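> model the following, please.
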Amino acid sequence: MADVKTDSKGSRLARFLAGVKGEMKKVAWPSRKQLVAYTGVVIVAVAIVAVFLWVFDAALTEILRILIHR
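Below you'll find the model as predicted:
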């Protein structure tokens, strides 16, 4: 039988968390100004998509209403 090295769950978790900590140090965090600007871009983009979907839904509803009541 082959020699199998087993790690306890605790040591695997510790290695995982150490790796996470190392990766988090590599992250280029945005400045507060960038964060506010990016958040604004996301909010505007979501609003535009929401309006587009609302208009598309209203148009399809009207088209179906016209077709059904013919």
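
> please report how far the residue nearest to the spatial centre of the chain lies from residue 29.
With distances taken as CA atoms, centre = their mean, the chain has residue 42 as the residue nearest its mean C-alpha position (11.5 Å). Residue 42 sits at a distance of 17 Å from residue 29 (criterion: CB to CB, to the nearest Å). Glycine gets a C-beta too; all of them are placed from N, C-alpha and C.

> same check on residue 41?
The gap separating residue 41 from residue 29 is 17 Å, by CB to CB.

> more neighbours: the two, which one.
Per other CB atoms under 10 Å, whichever of residue 41 and residue 29 has more neighbours is residue 41, with 10 against 7.

> show the pLDDT at that one.
With respect to pLDDT, residue 41 scores 98.

> tell me, how many residues neighbour residue 16?
10.

> sorry, wrong one. I was asking about residue 44.
By the criterion of other CB under 10 Å, residue 44 has 10 neighbours.

> kindly report the same for the one 10 residues further on.
Using other CB under 10 Å, residue 54 is surrounded by 10 other residues.
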